[in-house]
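Engineer: missing the sequence, but the structure's below:
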């Protein structure tokens, strides 16, 4: 937790390590000292002096502490749709009968979850459906709030309105809207989104369910050709669904070469699965319960098998392609791949929602962990009171970069939601491609991070973190699958990498870059030159906390990874073919995608800091942003060192400063989590209550 | 997945990166090429050529593949107490009524778990208790097997025999053994281990429960002075326990300075908590249920409050200290701290057992994930069949180093168990201190690793990994607390660091090093010199796969961390005091401890490879060991680069070789997990079955 050493002391120290330094390098280093502005050196130096006086763990002291003003910070963090979220919170606060108990059986949880959803829509009058189409940012705010009540509720709501409802509205045409909108909206028609099959999840184009057109009856015949094609994991199928949007290969008899059937690729069809009145499963349909899951047991996932199920021709969701009564196929899009892309493209909102909701879950976990770590005392200096466990460097190391990341993701996902809303309004091709890649990348990056962090929070809260009432287990189990559904994270990151490579190629062919990718233009150029041996040695605090340095470092890394993977792919594709070369570089590609997403996140965070009108708040956010940036650079210091982008002593300075910033953020940790403004009904954990946590806990147990 | 480049091509490549290389450095590098044996260069070169021909994902091919012989590998991995483990497995295989269902309520799970334990002891005749004392390695084998049936059962068994039974036997004297042995053994006396309090877990010396001697009645009076001192998380307390070993401060009235009470520190007492016949809670004792937990819900944890509960003087577990009827205190150990250390020292077996069982859990998770990844196919080259997901570099990256770690931990924990058994027989002071530190370190390191890995396995298995029947959720939730109980991992690693520093200090004062620490003698010396600029550039495969290089690298890192933290602690303690300095260096200390444990693990793995009698098996193990070593070095490449222990191109070579070794290990992955020899009753997951996995899965769902 030392502040970085001054450049003067560094020279001395570095001699210990640089033993065999050449005269040329020594000259360069000395030169860099002259270039290095003396004012920065002094700032770093005096900082060190101050911090040296604070015994670690004492909290306050003589160093200039950053202070947070709660209300301003809260106001700046508040989302634009707080009001509708409060309606959700207030409604459930007033209805303890609808609260999910800490232990509940799968069967009861499913029923409760459905009651929660029905009550929210019909009693509280919160109607998410129209926002799916009209103003997605309101829709996402509702989903996040519902997820705060019970993640299962948020997902059940998403299945109904975004997946089932969204597929009908986005892939269908007016006739479908007219027929289904109201009944989906008011939950008369609970429905499913039947895409995934037992053997095919990520590879959606490999789906095997068929929809064969029968011109004699003007119907499609839906069929499950083998066990592997059973629709699997279908939410709302096991208990509540009345309809399903079924993704199946459209087969047109006699239209292929030589009079064979033509396989037109995957299309979407509305298939009724249960009787509207009796709710009994319809003939030809077999439904089984996917059973108890790791989490999200409020959602009833089922498996569906179709045996020659006939549906009217009108049930083809025909926005992108249609079949006439004579079996003629028409489409505004020329190829199977384009139609497939357009179909899936409309579903990108799910990823946006997951990224956004995942940050909501992370906020809950971090809030509980930080509050408990402030409360909990264990050990201390001899003959003095015990200290808060958040005063330990190790606990700060676990939680403060996580808190900083939560802030970073908050701003990044808010940006994503705005972009997505813009896309829905403008339908500009560049924005579409930008949002696709960004939503894939942020969904993958954020959900992976949140999943790991919930486990870290549990562990950081020790035994009391293991009580189910304190939430970490439930949050982790429910959130876990966020990494997989709506696109497996490993697959999504590859989409990001592929898009980066496409942009890279276009750039060199003189094309333009998508908005989010713009930075590559500048940094690719700087990459092509060697790292600057002078700046590589700058290690003053002002330099390391300069957003330009931070962003340059992130972007340099991305550019370098992009350029090198492009070269490697080119080389390997000659011997291994495209698929083999891609696989040979796969880890590299995933690192590239993560690096790019981190660059975007940092850029948005820096913007958010700079746009903050209140000076004190801006200072706090700057502190948090610096921690985010330096912690990430330190996490991949090997890459930076390997190309001498940072010199050894700069690497040490980055590490020390990151530890010091964790220590400083700890000083405003309470205000930072309070600014998430989570109501008690969302945090719920006795150990995460803003006050009287222990006594709430003992009371809960029965004392 | 490229093989490392040959040294010749390296020279060319390195010039791209080393731009400003000085003449001196260039001379050195050229010199190193001459020193480097040509035969190694050729070996690396031909390896590269071969691998270049294998399209990634094709699996077989022309490269020389390492092959595994299943039976020999299995035989080498088999533990010495397989027979008693098979008795456990066979018994539960024959008793489906005792199998834990995928979904079960907490109340039912507790009853089932007790029935499982009783049946194991009374029906199967597996009696763990005597082994706790006589042959711990048998005891640990039983615990591991029981944990394979249900982790709750393994822990319930541990609470009864290791914690409750072990505390009576190890902290008590003959009178206690005579009175309690049989009834603990046959489960007539289920009992608890009441150490942790609401406010104190890790800081056991801060416990506040009191045991005040009353000479008038010859009794101790047990009291809970405040809410924070309520005994919390006590296994067996909520439902089944009849007794508890209660840890309380021994208070002797009138024996302090000036006739005040004397606080003699924490001692252990046997306190009956429920009536032996009626099972009703005894007067003065208040028990509440700690309720639903994240996992391990087969174990009934409760909270205990004592209100002047009187117990006879004989109930003091008096091996290390005693109170006479007149209140006189005697002890063979001179100070409170020594008595406390001796008391806790007897409990170290719990950590050994957890480290060992944690590896057992890791084996289950890895087996399921690897088998499913071999079965599951998704995507593939154009117009060719889909490929196994384990053929993807990213999946290999997730699972192969994990598989290698499982092997590494297998040998390391087996060594720990042997050491522990030796300690129990010999009571040699050096061995005791060695085992304490090693058990703390391995418990912390292995359980943290396993916890993370189970999540990775779930994610690597996508949606099907989320079905509760496929085990990852249950394994993760049950195992999670392994990181916390029997010593919080962060606290345990500090004990390792403290021990290392003690050894370090003693070394410089001319003392001897404990056995496991011996390597520090040599490597500290080499640390004091600069890294060798010649070997820092060696990057041939034979060099990187040389165990001497690997072990040197691990030990260099540990030595360096030790030396530097000692210096830092010394510096900071002058201004911050001991506690403040320790906290200022805490992250550094934790890294040191982990690094040391990794060094020990690698050393044991290398020994195991070298002792393997079968050539083919030795070759496979060597491959796995190399992957373990290089993956770890790559994970901390920043540290190695920062001190130029490895040159940039060597770092790249290590990375490439680690990827290539993952690819090679994938070729024997099935044999490697089969060699764990887990019976179906342990793996259980339909997707983890050795054959017919999908159809077992569809049948389970009801098709």
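Structural biologist: Cool, got the structure. Just so we're clear, the structure is a prediction, and the values are computed from it rather than from any experiment. Numbering: from 1, shown residues only, chains lettered A, B, ... in the order given.
Engineer: C-alpha only now, for contacts and for neighbours.
Structural biologist: Noted.
Engineer: Residue A:625 against residue A:608, yeah?
Structural biologist: No. If you go by C-alpha atoms under 8 Å, residue A:625 and residue A:608 don't touch, sitting 9.5 Å apart.
Engineer: Who has more neighbours out of the two?
Structural biologist: Using other C-alpha atoms under 10 Å in any protein chain shown, the more surrounded residue of residue A:625 and residue A:608 is residue A:625, with 26 against 20.
Engineer: what's near enough to touch the more buried one?
Structural biologist: The contact partners of residue A:625, taken as C-alpha atoms under 8 Å, 6 or more residues apart in numbering or on different chains, are A:404, A:408, A:602, A:605, A:606, A:609.
Engineer: Take those residues and write them to JSON lines, including pLDDT and neighbour count.
Structural biologist: What follows is the contacts of residue A:625, written out as JSON lines (pLDDT from 0 to 100; neighbours: other C-alpha atoms under 10 Å in any protein chain shown):
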{"residue": "A:404", "pLDDT": "98", "neighbour count": "24"}
{"residue": "A:408", "pLDDT": "98", "neighbour count": "25"}
{"residue": "A:602", "pLDDT": "98", "neighbour count": "27"}
{"residue": "A:605", "pLDDT": "98", "neighbour count": "27"}
{"residue": "A:606", "pLDDT": "98", "neighbour count": "22"}
{"residue": "A:609", "pLDDT": "98", "neighbour count": "22"}
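Engineer: a markdown table please, covering the residues you listed and showing distance to residue A:282 and secondary structure.
Structural biologist: Shown next, in a markdown table, are the contacts of residue A:625 (distance: C-alpha to C-alpha, whole Å; DSSP: H, G, I helix; E, B strand; the rest coil):
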| residue | distance to residue A:282 | secondary structure |
| --- | --- | --- |
| A:404 | 52 | helix |
| A:408 | 49 | helix |
| A:602 | 52 | helix |
| A:605 | 52 | helix |
| A:606 | 55 | helix |
| A:609 | 56 | helix |
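Engineer: which of those residues lies closest to chain B?
Structural biologist: residue A:404 (18.4 Å; C-alpha to the nearest C-alpha).
Engineer: What is the burial count for residue A:686?
Structural biologist: 25.
Engineer: Would you mind measuring from it to residue A:680?
Structural biologist: Using C-alpha to C-alpha, to the nearest Å, one obtains 9 Å as the distance from residue A:686 to residue A:680.
Engineer: likewise residue A:173?
Structural biologist: 43 Å.
Engineer: From residue B:185, how far out is residue A:677?
Structural biologist: Taking C-alpha to C-alpha, one finds residue A:677 at 54 Å from residue B:185.
Engineer: Check residue A:641 too.
Structural biologist: Residue A:641 is 59 Å from residue B:185, by C-alpha to C-alpha.
Engineer: Those two: who's more crowded?
Structural biologist: Using other C-alpha under 10 Å, the more surrounded residue of residue A:641 and residue B:185 is residue A:641, with 23 against 19.
Engineer: what helix or strand is that one on?
Structural biologist: helix A:637-642 (DSSP states H and E).
Engineer: Same check on residue A:176?
Structural biologist: Going by DSSP H and E, residue A:176 is in helix A:174-185.
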